[in-house]
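for reference, the sequence and a predicted model appear below.
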Amino acid sequence: MSGKLLRGFAVLACRALLAALPAQQQSWGLAIRREIADIPDGGDALLFALSSAWGLVPGAIAAHARCPRRLMILCAFAAVTLGIVYMMIAGAPDSYLFKNAGALAIGLAIVLFIGRLDIDHPQRVGMIIMGAAIALLATALLGQAAEGAVRWVSLVGVALQPSLIFLPVMMVAYSRTQAPLATAGVMIAAIALALQPDRAMAGMLVVGLTVIAALRPDRHVIAVLAVGLAGFAVTLVRPDSLPTAPFVDQILYSSFGVHPVAGMAVLCGLAFLLVPAIIGWVRDTANAVTYATFGGVWFAAVVAAAVGNYPTPIVGYGASAIIGYAICLLALPKSSKAERRDRYLMAGAA
Amino acid sequence: MVLSVLLNARGAWSYGYELARLADVKSGTLYPLLIRLASQGYLEAEWQPPSDSGRPPRHGYRLTAIGVRLAQTNPPVKRAVTNSYRPEAAI
């Protein structure tokens, strides 16, 4: 590998570190970036940057842990960056790198524009879940077909998979409100995924519902879980013979064949996806069901990518999962209990 | 070792890469340590003008007065020789 390329990776690692560091430590990130420029050997520069990131990122995660939304943005950024590192090493076309980076920007722009779903208005959330479910049903009936599967829609020349965009946020929102309209929406989504058919997404729906049913048993959830299981069974029976897409499917294994650094980038990127769920589960017990559902659905996506020809979320090429991960922010709690307590104490002190 | 290197600099500014090399520590160990030392008032961290014109400033580090005292009271511990010959093992 050329020294220039190694230096490029070092600069990329520094940028990711700068994005991760809290505001009061930004100057340290800039200091590392500045040191990199003076290290004559590209390999040494990369080792210096990676080692610095390894030492500082745990502290940065801890600093962001009190705000789940900030932590999730950080994890999304880290996972997308590691995915880009993998694709650069594996020789993916440049357009793939730009599309993944662009997808994160689009996802975060959507979050910035919409803000968050108002869970205090279950009817409104139910309508949004129903709207997303109808979009999945429309995809199954009118979407682009390939090898017998109908999972995609074409938007300005880009093929998107609506289930990867809408289903995770639907499940996270459903973990917070099981209003009748929301329940009906999730049932329609289960039917849509059976029609497409999409084992990975049907499995994601079942895992999400199982988590909710286990932690917050409710007759609505049990009913929709039964429909979800039936839908998943249908996807298992129907043929699913899509070929492996390069840089998208099966990269969990193939990346290590490309280069150990590429393999580690994929593995660490996938681990980052689950960090908000683990930290949220531990620190914000009031919203543990929501974080468990979030972790469950993304873990299901990772498992599906490991066992079949399904997109490897965020680290593989594909905009849909990146947008889907980012817009999960809409349904996550705005602040954790710890952060709310800190604000209360600060207000009291003032 | 980091404190010792900073102490030996005798008030001159040190920089990240050379500090890591001289103290023989990884940058992932060095920076969290520097951040902790600076937050506790043992270390000054400042952007220093470059020696060559046209280069951007560098982040320099040097011990404060209490940092010097800390370094003097905590001399570096000599590293254990891991591959030393153990006579009892040869019995």
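Ah, there it is. Numbers count the residues shown, from 1 in each chain, chains lettered A, B, ... in the order given.

name the nearest residue to whichever residue of the stretch 151-300 of chain A sits closest to chain B, sequence neighbours excluded.
Scanning the stretch 151-300 of chain A for the residue nearest chain B gives A:C268, at 14.5 Å (criterion: C-beta to the nearest C-beta). C-betas here are computed from N, CA, C, even on glycine. Nearest non-adjacent residue to A:C268, counting by C-beta to C-beta, 6 or more residues apart in numbering or on different chains: A:L82, 5.6 Å away.

name the residues that touch stretch A:256-271?
A:78-83, A:85-86, A:89-90, A:251-252, A:255, A:302, A:312-316 (C-beta atoms under 8 Å, 6 or more residues apart in numbering or on different chains).

what subset of those is buried?
A:78-83, A:85-86, A:89-90, A:251-252, A:255, A:302, A:312-316 (16 or more other C-beta atoms under 10 Å in any protein chain shown).

next, count neighbours for A:Q178.
18 (other C-beta atoms under 10 Å in any protein chain shown).

is it true that it touches A:V221?
Yes. Between A:Q178 and A:V221 there is a contact under C-beta atoms under 8 Å: 5.9 Å.

now the common contact residues for those two.
A:I212.

follow-up on the earlier one: residues touching the residue nearest to A:C268, list them.
A:A265, A:V266, A:C268, A:G269, A:F272, A:V315.

low-confidence ranges in the chain?
Going with chain A. Residue ranges of chain A with pLDDT under 70: A:1, A:119, A:335-350.

you looked at the wrong chain, it should be chain B
B:78-91.

interface residues of it facing chain A?
B:15-17, B:20, B:26-32, B:34-35, B:45, B:47, B:56-59 (C-beta under 8 Å from any C-beta of the partner chain).

just the buried ones from those residues?
Neighbour counting by 16+ other C-beta under 10 Å classes B:15-17, B:20, B:26-32, B:34-35, B:45, B:58-59 among those as buried.

on that earlier part again, out of the contacts of A:L82, who's the most crowded?
A:V315 (33 neighbours).

before we move on, which element is that one in?
Using DSSP states H and E, A:V315 sits in no helix or strand.

would you map the helices across chain B?
B:2-8, B:16-23, B:27-39, B:65-73 (DSSP state H).

nope, the stretch 151-300 of chain A is what I was after
A:162-174, A:180-195, A:199-215, A:219-237, A:251-258, A:260-283, A:288-307 (DSSP state H, counting those that start in this stretch).

for those, which one ends up most surrounded?
Per-stretch averages of neighbours, counted by mean count of other C-beta atoms under 10 Å in any protein chain shown, single out helix A:162-174 among these, with a mean of 27.

and the angle from that one to helix A:260-283?
20 degrees (axes from the mean of the first three to the mean of the last three C-alpha atoms, to 10 degrees).

just the C-alphas of helix A:162-174, formatted as CSV.
The C-alpha trace of helix A:162-174 is given here as CSV (Å, rounded to 0.1, in the frame of the first residue of the first chain):
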residue,chain,number,x,y,z
PRO,A,162,-37.7,1.4,1.8
SER,A,163,-37.8,-1.5,4.3
LEU,A,164,-34.3,-0.7,5.5
ILE,A,165,-35.2,3.0,5.8
PHE,A,166,-38.6,2.7,7.5
LEU,A,167,-38.7,-0.6,9.4
PRO,A,168,-36.1,0.2,12.1
VAL,A,169,-37.6,3.6,13.0
MET,A,170,-41.1,2.0,12.9
MET,A,171,-40.1,-0.7,15.4
VAL,A,172,-38.3,1.8,17.8
ALA,A,173,-41.4,4.1,17.7
TYR,A,174,-43.7,1.1,18.3
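
nearest to A:G29, of the buried ones among the residues of chain B next to chain A?
Nearest to A:G29, judged by C-beta to C-beta, of those is B:Y31 at 9.2 Å.

list the residues that contact the closest one.
Per C-beta under 8 Å, 6+ apart, neighbours of B:Y31: A:W28, A:I32, A:S52, A:G55, A:L56, B:G16.

ranking the residues you listed by neighbours, who comes first?
Most neighbours among the contacts of B:Y31, by other C-beta under 10 Å: A:S52, with 30 neighbours.

how far away is that residue from B:G41?
Per C-beta to C-beta, to the nearest Å, A:S52 is found 23 Å from B:G41.

now swap in A:G8 and tell me
Using C-beta to C-beta, A:G8 is found at 38 Å from B:G41.

between these two, which has more neighbouring residues?
A:G8 (16 against 12).

what's near enough to touch that one?
A:G8 touches A:M88, counting by C-beta under 8 Å, 6+ apart.

how about 10 Å then?
By C-beta atoms under 10 Å, 6 or more residues apart in numbering or on different chains, the contact set of A:G8 is A:S2, A:G42, A:A45, A:L46, A:V85, A:M88.

next up, identify which helix or strand it is on.
Assigned by DSSP H and E, A:G8 falls in helix A:3-20.

counting by contacts, list what the next helix or strand along the chain from that helix packs against.
The helix or strand immediately downstream of helix A:3-20 is helix A:26-38, counting by DSSP H and E. Packing partners of helix A:26-38 (3 or more C-beta pairs under 10 Å, 6 or more residues apart in numbering or on different chains; DSSP states H and E): helix A:3-20, helix A:42-64, strand B:14-15, helix B:16-23, helix B:27-39, strand B:43-48, strand B:58-63.

how far is the third one from where the chain is centred?
So that's strand B:14-15. Counting by C-alpha atoms, centre = their mean, to the nearest Å, strand B:14-15 is centred 9 Å from the centre of its parent chain.

ok, it: who's next to it in the sheet?
Strand B:14-15 pairs in its sheet with strand B:58-63 (antiparallel), by DSSP bridges.

got the angle between the partner strand and strand B:43-48?
In terms of direction (the same axes, to 10 degrees), strand B:58-63 departs from strand B:43-48 by 150 degrees.

buried stuff in stretch B:38-46?
Of the residues in stretch B:38-46, those with enough neighbours to count as buried (16+ other C-beta under 10 Å) are B:A38, B:Y42, B:L43, B:A45.

list the contacts of it.
In contact with stretch B:38-46 (C-beta under 10 Å, 6+ apart) are residues A:24-25, A:27-28, A:31, B:2-3, B:6, B:11, B:13-14, B:33-37, B:57-71.

got the contact list for residue 2?
Picked chain A for this. Here A:S2 is in contact with A:G8, A:G42 (C-beta under 10 Å, 6+ apart).

you answered for a different chain; I wanted chain B.
By C-beta under 10 Å, 6+ apart, the neighbours of B:V2 are B:14, B:19-20, B:22-25, B:29-30, B:33-34, B:37, B:43, B:61, B:71, B:76.
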